[in-house]
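> sequence plus predicted model, see below.
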Amino acid sequence: MKTVVIIDDHELICSGLAALLEKEWQVAGMARTLEEAKTIFKNMTDKPDIVILDIELGKDWGLDIIDDKIFGKGKFPPVLIFSVYNDYAHVNAAIRSGARGYVCKSQSAAELLEAMEDVSSGKTSFPLVMLQRIAITSDKLQGLNKREHKIFNMVQKGKNNKEIAASMDVSVRTIENNLSIIYDKTGVKNRQELEKL
C-alpha cells in the first residue's frame, strides 16, 4: 500500500482526507504546520510515496517545506498541492517550487485520487485549464524586469506595500511607483486584479 503524508492547517481537511484515502493509501502522518511536518519527516525511516500539501498553513508558506533538505538535495517526496486557490500565481509558484501536481479543493474526490496516482507514479498532474492560464499570464509578465517580478511575486503572496518596501529596502512611494508600471505592463487596473492574475 502506498504511503502519504497530509499537510494542511485545517483539522477537518486532514481527517476528511484520511477517511477518504484509508482503503487505498496508508496515511503515514498528518501535520498542520511546517514544524510539525518537519518533525514527522525527521522521524520517518522510509519517505512517503507522496505528500499532499496546502499552500497556506496559517502564517506559513507551505511550499517552503519542499526546499527543506530533510531527505537530501533533490530527494523530497513527490508533492501534490491541494489548495483553494486556482489562480496563476499559486499554481505557478507550486510548479517553480517543484510540486508535481495541483488539485483545487473544489475538484472531486475522484480527480484528487487520480492526481495522487499520477504523481506517485512519477507523472505530473496539472489541470489543462490551469496550464493554459499560466501560458497566457506568462506572456503578460514577460515585460517585467527582475525588480518588478519580485514585487509581483510578493503581491501574489499577499504582502502589502509597507512589507514589500521593507523587504526590498526602499520607500513605500517607490513600491507604489513600481506597481503603477506593473499595472500598465500587465494591463490590470488595480492591485485586486494583479492579485488575481
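Sure, I can see it.
> so what are the domain limits for this protein?
2-127, 143-196 (automatic domain parsing).
> list the buried residues for stretch 118-126?
Neighbour-count burial for stretch 118-126 flags 118-120, 125-126 (criterion: 16 or more other Cβ atoms under 10 Å). C-beta coordinates here come from the backbone N, C-alpha and C atoms, glycine included.
> now tabulate those residues in TSV and tack on pLDDT and distance to residue 187.
Output for the buried residues of stretch 118-126, formatted as TSV (pLDDT from 0 to 100; distance: Cβ to Cβ, whole Å):
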residue	pLDDT	distance to residue 187
118	96	34
119	97	34
120	95	39
125	94	30
126	90	25
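> ok, so of the residues you listed, who is nearest residue 183?
Distance to residue 183 across the buried residues of stretch 118-126 (Cβ to Cβ) is lowest for residue 126, with 27.8 Å.
> which phi and psi values does that closest one adopt?
phi -130, psi 130 (degrees, to the nearest 10).
> quick one: residues contacting it.
Listed by Cβ atoms under 8 Å, 6 or more residues apart in numbering, the contact set of residue 126 reads 91, 95, 101-102.
> could you measure it against residue 186, distance?
Distance check for residue 126 against residue 186: by Cβ to Cβ, to the nearest Å, it reads 22 Å.
> helices or strands next to whatever helix or strand residue 12 lives in in the packing?
According to DSSP states H and E, residue 12 maps onto helix 11-21. Applying 3 or more Cβ pairs under 8 Å, 6 or more residues apart in numbering; DSSP states H and E, one finds that helix 11-21 contacts strand 2-7, strand 25-31, helix 109-120.
> after the helix or strand of the chain with the lowest mean pLDDT comes which helix or strand?
Sorting the helices and strands of the chain by mean pLDDT, DSSP states H and E puts helix 128-141 at the bottom, at a mean of 75. Scanning forward in sequence from helix 128-141 by DSSP H and E, the next helix or strand is helix 146-156.
> now that following helix against helix 128-141, angle please.
Using axes from the mean of the first three to the mean of the last three Cα atoms, to 10 degrees, the direction of helix 146-156 lies 140 degrees away from that of helix 128-141.
> which parts of helix 146-156 are buried?
In helix 146-156, counting by 16+ other Cβ under 10 Å, buried: 148, 151-156.
> reformat these as CSV; add pLDDT and distance to residue 132.
Below are these laid out as CSV (pLDDT from 0 to 100; distance: Cβ to Cβ, whole Å):
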residue, pLDDT, distance to residue 132
148, 91, 24
151, 94, 25
152, 92, 20
153, 89, 21
154, 92, 25
155, 92, 22
156, 85, 19
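> tell me which two of those sit farthest apart.
148 and 156 (12.5 Å).
> tell me the one among the contacts of residue 126 nearest to residue 2.
residue 101 (14.5 Å).
> just list the residues touching the closest one, thanks.
78-81, 115-116, 118-119, 124-126.
> spatially nearest residue to it (excluding sequence neighbours)?
Once flanking residues are discounted, residue 101 sits nearest to residue 125: 3.5 Å by Cβ to Cβ, 6 or more residues apart in numbering.
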